[in-house]
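Engineer: Next one to model:
(2 chains)
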2 protein chains.
Amino acid sequence: MELPERAIEGILARWPVADLATRREDGRAHLVPIVFARVGDVIWTAVDGKPKQGGELARVRHVRRDPLVTLLLHDYQQDWTLLWWLRIEGRAVVRTPVDPEISEQAAAVAALREKYPQYARVPVLGPESTLLRIAIVARHSWCASPEAASRRL
Amino acid sequence: MELPERAIEGILARWPVADLATRREDGRAHLVPIVFARVGDVIWTAVDGKPKQGGELARVRHVRRDPLVTLLLHDYQQDWTLLWWLRIEGRAVVRTPVDPEISEQAAAVAALREKYPQYARVPVLGPESTLLRIAIVARHSWCASPEAASRRL
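Structural biologist: Numbers count the residues shown, from 1 in each chain, chains lettered A, B, ... in the order given. Predicted structure coming up:
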């Protein structure tokens, strides 16, 4: 069964982590976990101050070449009747350097700070000053039971 | 920093869930969470008896067309110094119907049953009797701190 709309809204507002798939130069999927904030029909994630592997991040390089991305949100539970997942197809663009005079970008940074108290100590924007803006194009979901949808949201 | 080898071995042996990326007909990544068991250099996952959306599963159809898959394992923690991820590139094949006379397939089913007590109640093999065999081709990892690698493994 699919997740009810109210559960999807709750997950997009409060779930802390998603897996982002971008497309590598060779066509294969590149996967990385991200933190994100949702503002309207857009999901924002920052190239933040958490430690990174060197150079421009693969996810950023990939999005410049191919904007179509996929996100997966889910919760693993030992009780398999509580499993659910939410898959988002999106169209991403790179915003760099971030411009706080642009209200959409200022709102994205504010939403990330509000959702993650961790950003009091880790800079939301690393030295690259980069946001990914992911417009939600489609959503698909699954849950194992009605109870799965109401848990932890 | 990368995860130490011992941590990677522990994660592959005991981490309960991974995100599987397969390639859709249109080239985009398809993502779904899976449970899995590792036997040697192979990761096995079953089309099990958990409820599914109808028809042959997308992941199976995709692997028949393009065997290159990516797996992501990670743990979200509020303490961002404890974050880690492990990404596996693999080459997948579909084994259906599963043949218990083939020792590799029997071992895979046994490993799944041993790792997941849930399979006492949910059939390891659903009506499709299908396993995905994913040979590990490459591994990449990241962790935020030495403490991240030793947690929960």
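Engineer: give the contact list for the residue positioned nearest the centre of chain A.
Structural biologist: When C-alpha atoms, centre = their mean is applied to chain A, the residue found nearest the centroid is A:Phe36 (4.2 Å). Residues in contact with A:Phe36 (C-beta atoms under 8 Å, 6 or more residues apart in numbering or on different chains) are A:18, A:43-45, A:71, A:112, A:134. Placement of C-beta: from N, CA and C, glycine included.
Engineer: Show me those that map onto helices.
Structural biologist: A:Leu112 (DSSP state H).
Engineer: mind putting the contacts of A:Phe36 in CSV, neighbour count and distance to B:Trp142 included?
Structural biologist: CSV is the format used below for the contacts of A:Phe36 (neighbours: other C-beta atoms under 10 Å in any protein chain shown; distance: C-beta to C-beta, whole Å):
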residue, neighbour count, distance to B:Trp142
A:Ala18, 27, 16
A:Ile43, 24, 22
A:Trp44, 23, 22
A:Thr45, 22, 16
A:Leu71, 24, 19
A:Leu112, 22, 20
A:Ile134, 27, 21
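Engineer: nearest to chain B, of the contacts of A:Phe36?
Structural biologist: Chain B lies nearest to A:Leu71 out of the contacts of A:Phe36, by C-beta to the nearest C-beta, at 7.7 Å.
Engineer: And the closest one, how far from A:Ala148?
Structural biologist: Applying C-beta to C-beta, to the nearest Å, the value for A:Leu71 to A:Ala148 is 19 Å.
Engineer: before we move on, what about A:Trp142?
Structural biologist: In terms of C-beta to C-beta, A:Trp142 sits 9 Å off from A:Ala148.
Engineer: and the gap between A:Arg95 and A:Pro16?
Structural biologist: 22 Å.
Engineer: For A:Ala46, give the beta-bridge partners.
Structural biologist: Beta bridges link A:Ala46 to A:Leu131, judged by DSSP bridges.
Engineer: I'd say it and A:Ser129 touch.
Structural biologist: No. Using C-beta atoms under 8 Å, A:Ala46 is not in contact with A:Ser129, being 9.1 Å away.
Engineer: just to revisit the earlier point, comparing A:Arg95 and A:Pro16, which residue is more hemmed in?
Structural biologist: A:Arg95 (17 against 14; other C-beta atoms under 10 Å in any protein chain shown).
Engineer: Which helix or strand in chain A has the lowest average pLDDT?
Structural biologist: helix A:146-150 (a mean of 83; mean pLDDT, DSSP states H and E).
Engineer: how about that helix: buried residues?
Structural biologist: Within helix A:146-150, the residues that count as buried by 16 or more other C-beta atoms under 10 Å in any protein chain shown are A:148-149.
Engineer: and if you look at stretch A:109-128?
Structural biologist: A:109, A:111-112, A:115-116, A:118-119, A:122, A:124-126, A:128.
Engineer: among these, which are in strands?
Structural biologist: Counting by DSSP state E, the buried residues of stretch A:109-128 place none of their members in strands.
Engineer: what about the strands in chain A?
Structural biologist: A:18-23, A:29-34, A:37-39, A:42-46, A:68-75, A:84-95, A:131-143.
Engineer: okay, those strands, which one's buried deepest?
Structural biologist: Most buried of those, by mean neighbour count (mean count of other C-beta atoms under 10 Å in any protein chain shown): strand A:18-23, with a mean of 25.
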